[in-house]
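Engineer: Have a look at this prediction, sequence included:
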Amino acid sequence: MSLEPMERFLPLLELSWDDLLFPAVLPLLSVEDVFRLRAVSRGHHALVTEYFARAKRLDISAKRNISVDAIRLMTVNTQSLRVLNVSSCKVITDEQLRAVIARNKFLHTIDLSRCHHLTSASLHTIAADCKKLLRLVLLDCHWVTRHSIENVSKNLVNLKTINLTGCWELVDKTMLQMLSKFTGLQFVSFANIYSLTDQTMRSIAKFTRDLRALDIRGCWRVTDRGMNLVAEYCHNLVVLYVTDCRDITENSLNRLRLRGVKIDRPANPFYGERFLLHNNQQAAENNNGGPPPPQLRLQV
């Protein structure tokens, strides 16, 4: 069987850009392949330029060695971004981030995790320009300051998710100010912030009644007292991470396990046995061996 001549195949550029290439083909390519396609011809250059301009999502989280020029080419014409993920990007700076945000004011997700060349000035930009933001991820961003988070809490009142894992400078007072504003939070991570105490847990219990997932791994100053407050008031909690929280025990976790909350720490089998034994002993005392009820002497 002879192969059909190549000219019988429909050229790429003649396929529908809006209906096929932009939504279903180009998103499957790696960033490197998109740039290779851009270099094929003027037509392909125009295709990729338009693709970048219309993009609603920019995710270069796996591209640690991406160049400044590549980021500029990908974002210079964007105005419709909804998701910006530059996690672990080694080259992005406050100035570059500010330029992207200035053109894309309807972002609902920003992930700046491990972007060590940024400063707290980036958070001031986000607070000022991203009023629609729903998800903010700042994992291991050690440049996050108390003042910058307080500024964010005054402006980004629609947040549903916040991840401040490893933001060491933050303290209970900062969390109180932030949580009192972010009453709609559903997903919260304060892992490895070693200064936090039960005061933060009290703030979570008071202000985030719609909480779904909580990560406080490594917050070793949090105790059963704070955990019981969350269990009492956060009735929608479904996932809890408490590894390395040395003062959170089954005394508070068992209450959540009975509600079906998924906890990263295995249940202590001896706790259940002690709990059952204690209940059986109490029942036996009440039925048999307990002190006799007082006799009532009625005078008529």
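Structural biologist: Nice, I can see it. Everything numeric here is computed off the predicted structure, so don't read it as measured data.

Engineer: From now on I want contacts and neighbour counts done on CA atoms only, so please keep to that.
Structural biologist: OK.

Engineer: Can you report how many residues lie near Leu134?
Structural biologist: Neighbour count of Leu134, defined by other CA atoms under 10 Å: 19.

Engineer: Run through the residues that contact it.
Structural biologist: Counting by CA atoms under 8 Å, 6 or more residues apart in numbering, Leu134 touches 108-109, 158-161.

Engineer: who wins for neighbours among the residues you listed?
Structural biologist: Leu159 (23 neighbours).

Engineer: ok, so what distance separates the closest residue in space to that residue that isn't next to it in sequence from Phe182?
Structural biologist: Spatial nearest neighbour of Leu159, chain neighbours left out: Leu134 (4.1 Å); criterion: CA to CA, 6 or more residues apart in numbering. Separation of Leu134 from Phe182 (CA to CA, to the nearest Å): 10 Å.

Engineer: what do those two both touch?
Structural biologist: Jointly contacting Leu134 and Phe182 under the rule CA under 8 Å, 6+ apart are 158-160.

Engineer: Verify the contact between Arg98 and His124 for me.
Structural biologist: No: counting by CA atoms under 8 Å, His124 is not a contact partner of Arg98; they are 9.8 Å apart.

Engineer: Next, format the contacts of Leu134 as a markdown table and append secondary structure.
Structural biologist: Shown next, in a markdown table, are these (DSSP: H, G, I helix; E, B strand; the rest coil):
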| residue | secondary structure |
| --- | --- |
| His108 | coil |
| Thr109 | strand |
| Asn158 | coil |
| Leu159 | coil |
| Lys160 | coil |
| Thr161 | strand |
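
Engineer: And those residues, which two are furthest apart?
Structural biologist: Pairwise distances across the contacts of Leu134 (CA to CA) peak at 11.6 Å, for the pair Thr109 and Asn158.

Engineer: which residues are in contact with both of these two?
Structural biologist: Joint contacts of Thr109 and Asn158 (CA under 8 Å, 6+ apart) are 133-134.

Engineer: related to what we said a few turns ago, which one among the contacts of Leu134 gets closest to Asp129?
Structural biologist: Closest to Asp129, out of all of those and judged by CA to CA, is His108, at 11.4 Å.

Engineer: Phi, psi for the closest one please.
Structural biologist: Here is the backbone geometry of His108 (degrees, to the nearest 10): phi -110, psi -10.

Engineer: From Arg114, how far out is it?
Structural biologist: Relative to Arg114, and taking CA to CA, His108 is found at 19 Å.

Engineer: neighbours of Phe106, just the number please.
Structural biologist: 19.

Engineer: do the same with Ser41
Structural biologist: Applying other CA under 10 Å, we find 10 residues neighbouring Ser41.

Engineer: hmm, back to that, pipe the shared contacts of Leu134 and Phe182 into TSV and attach pLDDT and distance to Arg255 per row.
Structural biologist: Putting these into TSV (pLDDT from 0 to 100; distance: CA to CA, whole Å) gives the following:
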residue	pLDDT	distance to Arg255
Asn158	92	31
Leu159	95	28
Lys160	97	25
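
Engineer: May I see those residues arranged in TSV, with distance to Arg246 as well?
Structural biologist: Shown next, in TSV, are those (distance: CA to CA, whole Å):
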residue	distance to Arg246
Asn158	33
Leu159	30
Lys160	28
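
Engineer: Nearest to Glu169 among these?
Structural biologist: So of these, ranked by how close each gets to Glu169 (CA to CA), first place is Leu159, at 21.1 Å.

Engineer: Gly184 is in contact with the closest one, correct?
Structural biologist: Yes: counting by CA under 8 Å, Leu159 touches Gly184, with 6.8 Å between them.

Engineer: low-scoring pLDDT stretches of this structure, where are they?
Structural biologist: 1-10, 271-300 (pLDDT under 70).

Engineer: buried sites along stretch 149-156?
Structural biologist: 149-153, 155-156 (16 or more other CA atoms under 10 Å).

Engineer: List the neighbours of it that are in contact with it.
Structural biologist: So stretch 149-156 is in contact with 123-124, 126-128, 130-133, 174, 177-179, 181-182, going by CA under 8 Å, 6+ apart.

Engineer: among those residues, which two are most distant?
Structural biologist: Greatest spatial distance in those: Lys132 and Thr174, 22.1 Å, computed using CA to CA.

Engineer: where do the strands sit along the stretch 101-250 of the chain?
Structural biologist: 109-111, 135-137, 161-163, 187-189, 213-215, 239-241 (DSSP state E, counting those that start in this stretch).

Engineer: Outside of the following helix or strand past the last one itself, list whatever touches it.
Structural biologist: Right, the one you point to is strand 239-241. Per DSSP states H and E, strand 239-241 leads on to helix 250-258 as the next helix or strand towards the C-terminus. Residues from elsewhere that reach helix 250-258 (CA under 8 Å, 6+ apart): 224-225, 227-228, 231, 263, 267-268, 271.
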